[in-house]
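# Following is a predicted model, sequence given first.
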Amino acid sequence: MKVIKPDSSDQADYNYTSVFLAGSIEMGVAEDWQSTVEKRLSNLPLTIYNPRRVSWDSSWEQRESNPQFRYQVNWEMDKLEKADIAFFYFVGGTKSPISLLELGWRGSQGDCIVCCPDDFWRKGNVEIVCSRFNIPLFNDFEKAVASLESALINKINQY
(Lines give C-alpha, C1' and ligand atoms only; values in the text may rest on other atoms or scores of the structure.)
Protein backbone atom coordinates (compact mmCIF):
# COMPACT_ATOMS: atom_id res chain seq x y z
CA MET A 1 0.00 0.00 0.00
CA LYS A 2 1.14 3.50 -0.76
CA VAL A 3 -0.36 6.67 0.73
CA ILE A 4 0.02 9.86 -1.29
CA LYS A 5 -0.81 13.25 0.22
CA PRO A 6 -0.53 16.65 -1.45
CA ASP A 7 2.64 17.36 0.52
CA SER A 8 4.22 13.90 0.08
CA SER A 9 7.67 14.09 -1.46
CA ASP A 10 6.90 11.02 -3.60
CA GLN A 11 3.92 11.70 -5.84
CA ALA A 12 4.53 8.70 -8.13
CA ASP A 13 1.54 6.40 -8.52
CA TYR A 14 1.79 2.66 -8.27
CA ASN A 15 -0.04 0.66 -10.90
CA TYR A 16 -2.45 -0.44 -8.22
CA THR A 17 -6.11 0.02 -7.54
CA SER A 18 -6.61 3.43 -5.94
CA VAL A 19 -8.99 5.12 -3.52
CA PHE A 20 -9.48 8.79 -2.76
CA LEU A 21 -10.44 9.63 0.84
CA ALA A 22 -12.89 12.50 0.48
CA GLY A 23 -14.87 14.08 3.26
CA SER A 24 -14.56 16.05 6.45
CA ILE A 25 -11.11 17.37 7.31
CA GLU A 26 -12.05 20.47 9.30
CA MET A 27 -9.04 20.83 11.58
CA GLY A 28 -10.01 20.72 15.24
CA VAL A 29 -13.50 19.41 14.44
CA ALA A 30 -13.15 16.24 12.36
CA GLU A 31 -11.06 13.42 13.76
CA ASP A 32 -8.31 12.01 11.53
CA TRP A 33 -10.55 9.26 10.18
CA GLN A 34 -8.30 8.93 7.13
CA SER A 35 -5.58 7.29 9.26
CA THR A 36 -8.12 4.74 10.48
CA VAL A 37 -9.00 3.83 6.89
CA GLU A 38 -5.32 3.63 5.94
CA LYS A 39 -4.65 1.18 8.79
CA ARG A 40 -7.67 -0.93 7.88
CA LEU A 41 -6.53 -1.22 4.25
CA SER A 42 -2.79 -1.51 4.92
CA ASN A 43 -2.61 -5.15 3.81
CA LEU A 44 -3.95 -4.43 0.30
CA PRO A 45 -1.88 -3.58 -2.78
CA LEU A 46 -3.35 -0.18 -3.47
CA THR A 47 -2.70 3.53 -3.61
CA ILE A 48 -4.55 5.79 -1.19
CA TYR A 49 -4.92 9.46 -2.07
CA ASN A 50 -5.35 11.31 1.21
CA PRO A 51 -5.92 15.08 0.91
CA ARG A 52 -5.22 15.70 4.62
CA ARG A 53 -1.91 17.59 4.53
CA VAL A 54 0.65 17.38 7.26
CA SER A 55 1.77 20.92 6.37
CA TRP A 56 -1.54 22.76 5.94
CA ASP A 57 -1.30 26.47 6.68
CA SER A 58 -4.68 27.98 7.57
CA SER A 59 -3.36 31.46 6.78
CA TRP A 60 -3.25 30.67 3.05
CA GLU A 61 -5.66 32.85 1.15
CA GLN A 62 -8.21 30.63 -0.53
CA ARG A 63 -7.93 32.19 -3.95
CA GLU A 64 -6.80 30.80 -7.28
CA SER A 65 -4.01 33.37 -7.26
CA ASN A 66 -2.45 31.65 -4.21
CA PRO A 67 -0.10 28.97 -5.60
CA GLN A 68 -0.27 26.70 -2.52
CA PHE A 69 -4.06 26.79 -2.44
CA ARG A 70 -4.34 26.31 -6.22
CA TYR A 71 -2.00 23.31 -5.98
CA GLN A 72 -4.10 21.74 -3.20
CA VAL A 73 -7.38 22.12 -5.05
CA ASN A 74 -5.97 20.86 -8.36
CA TRP A 75 -4.26 17.95 -6.61
CA GLU A 76 -7.57 16.94 -5.03
CA MET A 77 -9.49 17.24 -8.29
CA ASP A 78 -6.85 15.28 -10.24
CA LYS A 79 -6.68 12.46 -7.70
CA LEU A 80 -10.44 12.34 -7.15
CA GLU A 81 -10.93 11.99 -10.88
CA LYS A 82 -8.17 9.39 -11.21
CA ALA A 83 -9.12 7.15 -8.28
CA ASP A 84 -10.86 3.85 -8.92
CA ILE A 85 -13.11 4.44 -5.90
CA ALA A 86 -13.96 7.60 -3.97
CA PHE A 87 -14.78 7.11 -0.31
CA PHE A 88 -16.67 9.99 1.33
CA TYR A 89 -17.11 10.42 5.06
CA PHE A 90 -19.19 13.36 6.27
CA VAL A 91 -18.41 13.62 9.97
CA GLY A 92 -21.29 14.76 12.17
CA GLY A 93 -20.83 18.28 13.48
CA THR A 94 -18.81 19.40 10.45
CA LYS A 95 -19.86 21.51 7.47
CA SER A 96 -17.57 20.11 4.75
CA PRO A 97 -18.84 22.28 1.87
CA ILE A 98 -15.98 21.29 -0.44
CA SER A 99 -16.69 17.60 0.16
CA LEU A 100 -20.33 18.20 -0.74
CA LEU A 101 -19.20 19.85 -3.96
CA GLU A 102 -16.85 16.93 -4.66
CA LEU A 103 -19.64 14.39 -4.04
CA GLY A 104 -21.87 16.16 -6.55
CA TRP A 105 -19.08 16.15 -9.11
CA ARG A 106 -17.66 12.64 -8.56
CA GLY A 107 -21.01 11.04 -7.78
CA SER A 108 -22.11 11.25 -11.40
CA GLN A 109 -18.95 9.36 -12.43
CA GLY A 110 -19.69 6.30 -10.28
CA ASP A 111 -17.63 4.09 -7.98
CA CYS A 112 -18.28 5.95 -4.76
CA ILE A 113 -19.08 4.82 -1.25
CA VAL A 114 -20.50 7.32 1.23
CA CYS A 115 -20.79 7.40 4.99
CA CYS A 116 -23.02 10.13 6.38
CA PRO A 117 -24.39 9.85 9.91
CA ASP A 118 -27.76 11.35 10.76
CA ASP A 119 -26.20 14.32 12.57
CA PHE A 120 -24.49 15.70 9.46
CA TRP A 121 -26.08 19.08 8.75
CA ARG A 122 -26.86 18.34 5.09
CA LYS A 123 -27.72 14.66 5.37
CA GLY A 124 -30.74 15.15 3.09
CA ASN A 125 -28.60 16.55 0.28
CA VAL A 126 -26.21 13.62 0.60
CA GLU A 127 -29.11 11.14 0.56
CA ILE A 128 -30.53 12.65 -2.63
CA VAL A 129 -27.19 12.64 -4.47
CA CYS A 130 -26.56 9.05 -3.42
CA SER A 131 -30.06 8.00 -4.47
CA ARG A 132 -29.82 9.79 -7.80
CA PHE A 133 -26.48 8.16 -8.71
CA ASN A 134 -27.10 4.79 -6.98
CA ILE A 135 -24.22 5.31 -4.54
CA PRO A 136 -24.06 3.05 -1.46
CA LEU A 137 -24.81 5.18 1.61
CA PHE A 138 -24.01 4.17 5.19
CA ASN A 139 -24.77 5.76 8.55
CA ASP A 140 -22.12 3.68 10.31
CA PHE A 141 -18.42 4.34 9.67
CA GLU A 142 -17.28 0.75 10.35
CA LYS A 143 -19.85 -0.68 7.94
CA ALA A 144 -18.87 1.87 5.29
CA VAL A 145 -15.17 1.01 5.64
CA ALA A 146 -15.99 -2.70 5.44
CA SER A 147 -17.90 -2.04 2.21
CA LEU A 148 -14.94 -0.05 0.87
CA GLU A 149 -12.54 -2.86 1.71
CA SER A 150 -14.77 -5.39 -0.06
CA ALA A 151 -15.13 -3.17 -3.16
CA LEU A 152 -11.36 -2.66 -3.33
CA ILE A 153 -10.68 -6.39 -3.00
CA ASN A 154 -13.11 -7.00 -5.87
CA LYS A 155 -11.33 -4.41 -8.03
CA ILE A 156 -7.90 -5.84 -7.14
CA ASN A 157 -9.08 -9.33 -8.11
CA GLN A 158 -10.26 -8.04 -11.50
CA TYR A 159 -6.69 -7.12 -12.50
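Everything's here; your move.

# Report all helices and strands that the helix or strand containing residue 37 contacts.
Element membership of residue 37, judged by DSSP states H and E, is helix 33-40. Judged by 3 or more Cβ pairs under 8 Å, 6 or more residues apart in numbering; DSSP states H and E, helix 33-40 is in contact with strand 17-23, helix 141-158. Yep, even glycine has a C-beta here, placed from its N, CA and C like the rest.

# Now with 10 Å, please.
Where contact means 3 or more Cβ pairs under 10 Å, 6 or more residues apart in numbering; DSSP states H and E, helix 33-40 is packed against strand 2-4, strand 17-23, strand 46-49, strand 85-89, helix 141-158.

# Tell me which of these sits nearest to residue 108.
Among those, the nearest to residue 108 by Cβ to Cβ is strand 85-89 (11.4 Å).

# low pLDDT regions in the chain?
By pLDDT under 70, the chain has no low-scoring segment.

# returning to that earlier point: in JSON lines: the helices and strands packed on helix 33-40, plus distance to residue 67 and mean neighbour count.
Shown next, in JSON lines, are these (distance: least, Cβ to Cβ, whole Å; neighbours: other Cβ atoms under 10 Å):
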{"stretch": "strand 2-4", "distance to residue 67": "20", "mean neighbour count": "18"}
{"stretch": "strand 17-23", "distance to residue 67": "22", "mean neighbour count": "25"}
{"stretch": "strand 46-49", "distance to residue 67": "20", "mean neighbour count": "23"}
{"stretch": "strand 85-89", "distance to residue 67": "26", "mean neighbour count": "26"}
{"stretch": "helix 141-158", "distance to residue 67": "33", "mean neighbour count": "15"}
